[in-house]
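Trainee: Starting from these lines, generate the structure:
(chains A and B)
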2 protein chains.
Amino acid sequence: MIKAIFFDIDDTLYSTTAFAEHARIAALEAIRAHGVRPSLDALQRELGEVISEFSSNYNNHFDKLLLRLTKHDVPQVNPAILIAAAVRAYHDSKLTHLKPFEDVPAALETLAKTDLIRGIITAGLQIKQAEKLLRLQIYSWLTPTAIFISDQIGISKPNPKLYLRALSDTGIAPEEAVYIGDHPLHDIDAANKVGLNTVFINRGTKHSNLEGKTSPRHTISNFSELLTLLETEYKVHIPRSA
Amino acid sequence: MIKAIFFDIDDTLYSTTAFAEHARIAALEAIRAHGVRPSLDALQRELGEVISEFSSNYNNHFDKLLLRLTKHDVPQVNPAILIAAAVRAYHDSKLTHLKPFEDVPAALETLAKTDLIRGIITAGLQIKQAEKLLRLQIYSWLTPTAIFISDQIGISKPNPKLYLRALSDTGIAPEEAVYIGDHPLHDIDAANKVGLNTVFINRGTKHSNLEGKTSPRHTISNFSELLTLLETEYKVHIPRSA
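Mentor: Residues are numbered from 1 along each chain as shown, chains lettered A, B, ... in the order given. Alright, predicted model coming up:
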């Protein structure tokens, strides 16, 4: 019998890749509308380099992007206007484009009717990760005391101690919990190390094709399959809507 | 003959006071919806103290607010969720409630048809102040090379050197420019010191009743009066719409 199910957030509950691409294009089009000259393609490549050099959780991507461009390519305006235009467009994208994968809400709503703890184990900045849970409109189906964010714990993926902390804080043994993630190394290898029942969700996203050192216990491609898996392999009673 | 007109932003172009009140109430109602127990009134008073103790440009007001509450008043949830709920509500308020005073757009649109430089001299954080100009939808009527933000210059109000820098960077003599602001000390006294033609805009906002050491050259209560003033006192040709 399992007592808990823990989820990764990024590319598991929503398409981080698709959202980031949309938001970045919106931001780059905003600075192009203010006179920044390179093509969208060229700016996307440059921004991609900034993100890979300074990390995705760095706060000043657009400042750095502008610094990299030649004088000729940047209009004679206050750079704060360009950066604010980009940041505004990026943030406003959250209202329209931060949506869960379409199979996620119904599955979480169903799981919320069971006795299972529904938790999160995620690597990232605390407010940024918490904001995703709220904007995705799935937080109400989760167990409020079972949200674990690396930034708040001082341990990040792929360190298996992050998973151990989530288990000890909730009082759950590894074999009593299922963990679902999209990253063969950070999610599957790391959670396998502590003995969690691992589920690899293969949605063909950014990390899907990485080679982990270990195999997931299960592989699924969406959250409908997750419900079936929990029912058949773990004897969870899944309430079916009338 | 004058060549330039410079504007303050906060409580001159839009009601900073009304926006902040709306956004803070939205943020506090969001955390109350997540189970934070004190009344809206009590939370507003506490947040007011945080802002006065840590300054309005400090980034972690809601973190501090939660730290000040007793355990009994805060639900047993991850505090990142509460902070993210507050920040989200605050930011989303910008889309609906960051609007210029109703007399501002038409006046700026009219001034943009004259030869006057239309500049900004503002104290604040660069991206935050630039974002206001964009969200207020007035930036297109300003002169892009005449936006001066204290954060980018290292000089803040009420230091008159901020005004001198704006004048020297635009190549304008003080007597050739008009400056409009709502703050008797930071705007009027400081701009008087460098010899600008000062216009105090009295909209009955937060700082309107402060006592400055000097008098403004002119006092107006809205931007329609500004156009009339420029026409009658400074012989600016104001194009009238057909």
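
Trainee: Show me the helices in chain A, by range?
Mentor: Per DSSP state H, chain A carries helices over the ranges A:16-33, A:40-54, A:61-68, A:79-97, A:104-111, A:126-135, A:150-153, A:161-170, A:190-193, A:223-234.

Trainee: any bit of the fifth one sitting next to chain B?
Mentor: No: Helix A:104-111 lies out of reach of chain B by Cβ under 8 Å from any Cβ of the partner chain, never closer than 15.7 Å. (C-beta placed from N, C-alpha, C; glycine too.)

Trainee: Now do the buried residues in that helix.
Mentor: Of all the residues in helix A:104-111, those buried under the rule 16 or more other Cβ atoms under 10 Å in any protein chain shown are A:104-105, A:107-108, A:110-111.

Trainee: With the second one instead?
Mentor: Taking 16+ other Cβ under 10 Å as the basis for neighbour counts, the residues of helix A:40-54 that come out buried are A:43, A:46-47, A:50-51.

Trainee: Which single one of these is nearest to B:Y234?
Mentor: B:Y234 lies nearest to A:L43 out of these, by Cβ to Cβ, at 43.1 Å.

Trainee: Next, the contact list for the closest residue in space to the closest one that isn't next to it in sequence, please.
Mentor: Leaving aside its sequence neighbours, A:L43 sits nearest to A:L28 (Cβ to Cβ, 6 or more residues apart in numbering or on different chains; 4.5 Å). Contacts for A:L28 (Cβ atoms under 8 Å, 6 or more residues apart in numbering or on different chains) come out as A:40, A:43-44, A:47, A:86.

Trainee: Surely A:L40 touches A:E29?
Mentor: Yes: if you go by Cβ atoms under 8 Å, A:L40 and A:E29 touch, sitting 6.7 Å apart.

Trainee: surely A:I121 meets A:L142?
Mentor: No: if you go by Cβ under 8 Å, A:I121 and A:L142 don't touch, sitting 11.7 Å apart.

Trainee: Can you list the low-confidence ranges for chain A?
Mentor: Applying pLDDT under 70 to chain A picks out residues A:241-242.

Trainee: So which bits of it are right by chain B?
Mentor: Contacts of chain A with chain B, taken as Cβ under 8 Å from any Cβ, map to A:75-78, A:80-81, A:83-85, A:87-88, A:91-92, A:95, A:126-127, A:129-131, A:133-135, A:139, A:144-145, A:147, A:149, A:152.

Trainee: Kindly recompute the last result at 6 Å.
Mentor: Counting by Cβ under 6 Å from any Cβ of the partner chain, the residues of chain A close to chain B are A:76-78, A:80-81, A:83-85, A:88, A:126-127, A:130-131, A:134, A:144-145, A:147.

Trainee: Just the buried subset of those, please.
Mentor: In the residues of chain A next to chain B, burial by neighbour count holds for A:77-78, A:80-81, A:83-85, A:88, A:126-127, A:130-131, A:134, A:144, A:147, counting by 16+ other Cβ under 10 Å.

Trainee: Those: which two are farthest apart?
Mentor: Checking these with Cβ to Cβ, the most distant pair is A:V77 and A:P144, at 45.5 Å.

Trainee: So A:A27 is in contact with A:Y90, correct?
Mentor: Yes: using Cβ atoms under 6 Å, A:A27 is in contact with A:Y90, at 4.4 Å.

Trainee: which one of the two has more residues nearby?
Mentor: Using other Cβ atoms under 10 Å in any protein chain shown, the more surrounded residue of A:A27 and A:Y90 is A:A27, with 25 against 20.

Trainee: Quick check: closest non-adjacent residue to the more buried one.
Mentor: Once flanking residues are discounted, A:A27 sits nearest to A:A86: 4.0 Å by Cβ to Cβ, 6+ apart.

Trainee: again, but for A:A18
Mentor: A:H97 (7.8 Å).

Trainee: Hmm, A:F19 and the one you found touching each other?
Mentor: Yes: judged on Cβ under 6 Å, A:H97 makes contact with A:F19 at a distance of 5.4 Å.

Trainee: Check the gap between the closest residue to A:T214 other than its chain neighbours and chain B for me.
Mentor: Using Cβ to Cβ, 6+ apart and skipping residues adjacent in sequence, the residue nearest A:T214 is A:N192, 4.6 Å away. Taking Cβ to the nearest Cβ, to the nearest Å as the measure, A:N192 falls 26 Å from chain B.

Trainee: Could you report the neighbour count for A:N192?
Mentor: A:N192 is flanked by 21 other residues according to other Cβ under 10 Å.

Trainee: Compute the distance between it and B:I153, please.
Mentor: Separation of A:N192 from B:I153 (Cβ to Cβ, to the nearest Å) stands at 55 Å.

Trainee: again with A:A112
Mentor: Here A:A112 is placed at a distance of 53 Å from B:I153 (Cβ to Cβ).

Trainee: Many thanks, I have nothing further to ask.
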